[in-house]
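>>> Sequence and predicted structure below; questions after.
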Amino acid sequence: MNTAIIILEIKKLIYYITILCSMMNGLAFAEKNDRNRPNKQSDFVISSRQHELNSTYDISRLKVAIGANLQGITDYSRTNSYVNLIHQARRYGSPEQPWDEKAILGDDGWPIGDFGVVLMTKQKNNSEITGIYKIGFSGRAEVTTVATEDATIFPVRYDPITNQSRVDIALGKNTDKFMLKFTNTGFGIKNLKIIRPGYDFNNPPLFTRPFLEHIDRFETLRFMDWLRTNNNPVVYWSDRSTIERTHYATERGVPWEHIIELANQTKKNIWINIPIAANDDYVKQLASLLLKKLNRNIKIYIEYSNEIWNSHFNQHAINFDLAEKEVRSTPNSPLAYDGKIDRWTVGFRRIAKRGKEISDIFRAVYGEKAMMNTVNPIFASQIANPYTTALGLDFLSEYYGPPSQYFFAVAGAPYFNLGAQQKVEGLSTEQVLDGLDGSIKRLHEIYKYEKNVALASWYRLPYFAYEGGPDTFGSGSIPAKKASQLHPRMEILCTTFLENWFASGGGLFMWFTAGAGDWDKKFGAWELTTDLKISNTPKIRCIDKANNLLKTDFPGRNKVPGSFPAIAYVGNYPPYSDKSRSILRRRYEGAYLDYLIMITIPGMYDLVLHAASNKSGNKVNIRINNRDIISDFELQSQGWEKHVANQSIPVRLEKGLHTLRIITYRQTSGIDLSQITMRLQSVP
């Protein structure tokens, strides 16, 4: 089954479970840590000390970057990536029922005796499949189609001198399935290849021309499904899929060599996923292979497994089991450095720890200069629950040092969908489009864009999307869902969705998914088109437009130099509620407020807090990007009715995104923070 089928519907359920834990433990834990942080100054004195803080990245200079996930290699994919159909075929089966996958195989992977094979399914009306397929193999056999529509088979030609057989089969436009059986094979045949129409049988390329033309619009390709990352059983390097295997539609995925060949041929950056249980030697061997074979100008994004937070994948339980095992067997494990040993905490910490170890292995192979340049480890987490992201990043920061030493970026997966109407029957096309539109308007709150970007910025990391796009998964209103994907409004919706992502501070966006798909099923219209020859769909137009026209302006609040209201803290959006306003006044000791700020002009700034308080002795600590700016800063007090501009605090800031944190260190009567001003004092 396509892994996309089960990826997203369970996210909401997981979100509600995890956010409950966040509400119970997360905020209190984080704020307690800030409250207990050692004081840096006993008395505040304006000094000439200049705090120079580099930004996460300069969003105004970022090239809009859109990549794509690739479909898994299967017989039912309509993308048809490989020229040789054997690469996408299922495991060999019996002659009469090839789909049973019960053929007896030799050590070399080829069948012993007669067998059948499923080559393609669900291909009806796919323009890419018509024509004459050229088949060749070592040995002799009778070749017959099984459950194959609109097919004409020509006589088998056998050369006794070379022991080679050739046969041609023509498929018409009504073909939906393509299956073959090989009988009277004796002890079996070997070296079977089935070449698509239009390619030289004796010297076929690895990948089809339509596939290469389709993916040319993307700068980065993610191979999560190619590698069968979800539920992948590989542990040792010897377990991996190799080019000697007869087919790649298996739980081990495609050979790494094919990913390298595709990248070298297309000059696309690659986003790869390390199997959940892969050992250190596997990672080292992979790094060495990439160093040896991959073009040095190609960037590598490295992610540990896929959605380890998602309990519907085996990698979730494997990771949490490994975390608990480590804590039990190793009393001084870094996962329990602060005494916390609950499955939740150590499990999410282990995701960060293993990602850090993978980063270290690649660093040892590639060298320091390649890190965060050619080699770019990614820390992926659940976008709807930043608390789980913080569990990993905070752990790294406290135990190993700045996460930016080990990771290039943080990543999540924003999707827009129909919400409660996802499975409703009887919706019209316009109703589906209206539902998707409504989802896009709420995404910044549902997926906590600002909080995720601010958390990444706090650790001087950009925030990427490892997946994202429209989600129509579900059994309801399938015709309307399909029609919505072909409606002109879909181009507008997708464009707005991407513009909002980049305008919110998001970086590289990996669309889910490239290629062609069957949209008449309940499994969602994830792909960009239904046929690779149909290249003018609304979603394709959106991607092409985004690549050429989208700008990386940051129209959000809290631009600097200038002033912004204190109520515009991370995660609080207008219209502001009375509850959010009261938070500004009722700040208990250790509580903090974060602000995502955009520095438009680099230089030396004066940071000024405008606040009112009824008594003296109220103090705050100020930090930017996880660095102390000032501690024990006492706010002036002239009564609740008068908001005072406090003494300025000098800080040097580079252009780009920064996260400002104001922590209540001591409060005597409450603090009413009203405005934050950052005045440009001088430029470099």
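Now that the structure is in, tell me what you want to look at.
>>> just checking, Phe137 is part of a helix?
No: according to DSSP: H, G, I helix; E, B strand; the rest coil, Phe137 belongs to no helix; its state is strand.
>>> isn't it right next to Ser165, touching?
Yes: the pair formed by Phe137 and Ser165 meets the contact definition of Cβ atoms under 8 Å, at 5.5 Å. The C-beta positions use only the backbone N, C-alpha and C, and glycine is treated the same way.
>>> what touches both of the two?
Ile189 (Cβ atoms under 8 Å, 6 or more residues apart in numbering).
>>> which residues of the stretch 1-150 of the chain fall in strands?
With DSSP state E, counting those that start in this stretch as the criterion, the stretch 1-150 of the chain has strands at 52-53, 66-69, 115-120, 131-138, 142-145.
>>> can I get those strands in a markdown table with mean pLDDT, mean neighbour count and distance to Val346?
Listed next are the strands of the stretch 1-150 of the chain as a markdown table, based on pLDDT from 0 to 100; neighbours: other Cβ atoms under 10 Å; distance: least, Cβ to Cβ, whole Å:
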| stretch | mean pLDDT | mean neighbour count | distance to Val346 |
| --- | --- | --- | --- |
| strand 52-53 | 48 | 14 | 32 |
| strand 66-69 | 97 | 25 | 30 |
| strand 115-120 | 98 | 25 | 43 |
| strand 131-138 | 98 | 18 | 53 |
| strand 142-145 | 97 | 16 | 55 |
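>>> sec struct for Pro575, please.
Pro575 - assigned by three-state DSSP - is coil.
>>> For it, give me the pLDDT.
We have a pLDDT of 90 for Pro575.
>>> And Tyr406, by the same measure?
Here the pLDDT value assigned to Tyr406 is 98.
>>> and it, how many neighbours does it have?
Number of residues near Tyr406 (other Cβ atoms under 10 Å) recorded here: 22.
>>> and it, what is it in contact with?
Applying Cβ under 8 Å, 6+ apart, the residues near Tyr406 are Gly355, Lys356, Ser359, Asp360, Pro377, Leu396, Tyr400.
>>> and the fifth one, how far is that from Asp159?
Taking Cβ to Cβ, to the nearest Å as the criterion, Pro377 is separated from Asp159 by 52 Å.
>>> Could you do the fourth one as well?
Between Asp360 and Asp159 the distance, using Cβ to Cβ, works out to 55 Å.
>>> Let me know how buried Arg157 is, in neighbour terms.
11.
>>> looking at it, it is touching Arg140, isn't it?
No: counting by Cβ under 8 Å, Arg157 stays clear of Arg140, with 10.7 Å between them.
>>> so Asp281 sits in a helix?
Yes: the assignment for Asp281 by three-state DSSP puts it in a helix.
>>> Show the contacting residues for it.
Here Asp281 is in contact with Tyr236, Trp237 (criterion: Cβ under 8 Å, 6+ apart).
>>> Just the local confidence number for it, please.
Asp281 carries a pLDDT score of 98 in this model.
>>> If you rank every helix and strand of this structure by mean pLDDT, what lands last?
helix 27-35 (a mean of 36; mean pLDDT, DSSP states H and E).
>>> From Glu149, how far off is Asp168?
18 Å.
>>> Phi and psi next, for Trp420.
Just so we're on the same page, residue 420 is Ala rather than Trp. Main-chain torsions, Ala420, degrees, to the nearest 10: phi -70, psi -20.
>>> State the distance from it to Lys448.
20 Å.
>>> ok, the two, which is more surrounded?
Shown here are Ala420 and Lys448; by other Cβ under 10 Å, Lys448 has more neighbours (22 against 8).
>>> which parts of stretch 408-428 are buried?
In terms of neighbour count (16 or more other Cβ atoms under 10 Å), stretch 408-428 has its buried residues at 408-418, 421-422, 424, 427.
>>> chain center to that stretch, what's the gap?
Mean-position distance between stretch 408-428 and its chain equals 15 Å (Cα atoms, centre = their mean, to the nearest Å).
>>> With stretch 493-505 instead?
16 Å.
>>> Show me which parts of that stretch are buried, residue by residue.
Leu493, Cys494, Thr495, Phe497, Leu498, Glu499, Asn500, Trp501, Phe502, Ala503, Ser504, Gly505.
>>> Dump these to CSV, plus secondary structure.
Below are these laid out as CSV (three-state DSSP):
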residue, secondary structure
Leu493, helix
Cys494, helix
Thr495, helix
Phe497, helix
Leu498, helix
Glu499, helix
Asn500, helix
Trp501, helix
Phe502, helix
Ala503, helix
Ser504, coil
Gly505, coil
